[in-house]
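Participant: just to be clear, the model below is a prediction. Sequence and coordinates:
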Amino acid sequence: MELGRLLKLIVIALAVVLPVRSWVAEPIYVASPSMEPTLKTGTLLILDKLTLRVRAPRRGDVLSFRSPVDERDLLKRVIALPGETVEMREKAVWINGKELDEPYAVHSRAGERLEGDNIGPLIVPENSFFVLGDNRDESNDSSVWKDAEGNPVHFLRLALIQGLARRLPWA
């Protein structure tokens with residue numbers, strides 16, 4: 001009798017947990033320093049899968065998504081939206097001809113000229129976004145992505161986005 005009750009509880013728990021993880025939220029960890037100092041490596045976050053069903057990503061949102069160039073899941077900040085013109089000049093981001101104020105961005109190798117420091121101007125296609133890590137010089141993002149043939153892949157397609165990365169209220 002106890003084994004039957006235990007199995008019933010397990011089935012009920014799975015019936016609740018699996019849909020929540022699939023459609024509502026799930027825990028994720030920051031796996032690299034690309035979002036430091038905003039999000040430190042090892043930080044536990046919640047992947048919010050609901051919000052982007054009712055609204056589009058906004059500039060400043062931190063997204064979790066499948067990389068457009070390989071099989072990894074990444075966390076990056078939305079910098080430019082569909083239809084906007086984005087340009088990077090000497091590490092500074094310009095949107096529609098105006099420099100973007102980015103108090104969260106850091107450059108760990110500010111004195112070095114790196115790939116991705118100067119790009120564009122580029123127009124963000126429909127259903128796509130330009131995303132960057134906050135730790136700009138240590139981030140695998142829209143400024144440096146390349147496909148298998150070595151061609152630049154500057155934009156994240158909406159279909160690859162998994163959700164918004166949210167801090168835990170008590171963290």
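Facilitator: That came through fine. Numbering: from 1, shown residues only.
Participant: helices and strands around the host helix or strand of Ile79, which ones?
Facilitator: For Ile79, the element it lies in under DSSP states H and E is strand 73-80. When contacts are defined as 3 or more CB pairs under 8 Å, 6 or more residues apart in numbering; DSSP states H and E, strand 73-80 packs onto strand 62-66, strand 92-95, strand 128-132. For every residue, glycine as well, the C-beta is placed using N, CA and C.
Participant: and if we set it to 6 Å?
Facilitator: The elements that strand 73-80 packs onto, with contact taken as 3 or more CB pairs under 6 Å, 6 or more residues apart in numbering; DSSP states H and E, are strand 128-132.
Participant: quick one: contacts of the first helix or strand past the strand it packs on going along the chain?
Facilitator: Stepping forward along the backbone from strand 128-132, the first helix or strand reached (DSSP H and E) is strand 156-157. For strand 156-157, contacts defined as CB atoms under 6 Å, 6 or more residues apart in numbering pick out Phe65, Pro68, Ser128, Phe129, Val131.
Participant: ok, stretch 132-145 next?
Facilitator: 33-36, 38, 69, 76-77, 79, 104-109, 114-116, 130-131, 153-154.
Participant: write the ChimeraX selection for whichever of those are buried.
Facilitator: Filtering those down to the buried ones (16 or more other CB atoms under 10 Å) takes a single ChimeraX command:
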select :33,34,35,36,38,76,77,79,105,106,116,130,131,154
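Participant: in the protein, where is pLDDT below threshold?
Facilitator: Across the chain, the stretches falling below the confidence threshold (pLDDT under 70) are 1, 6, 8, 11-24, 170-171.
Participant: great, nothing more from me.
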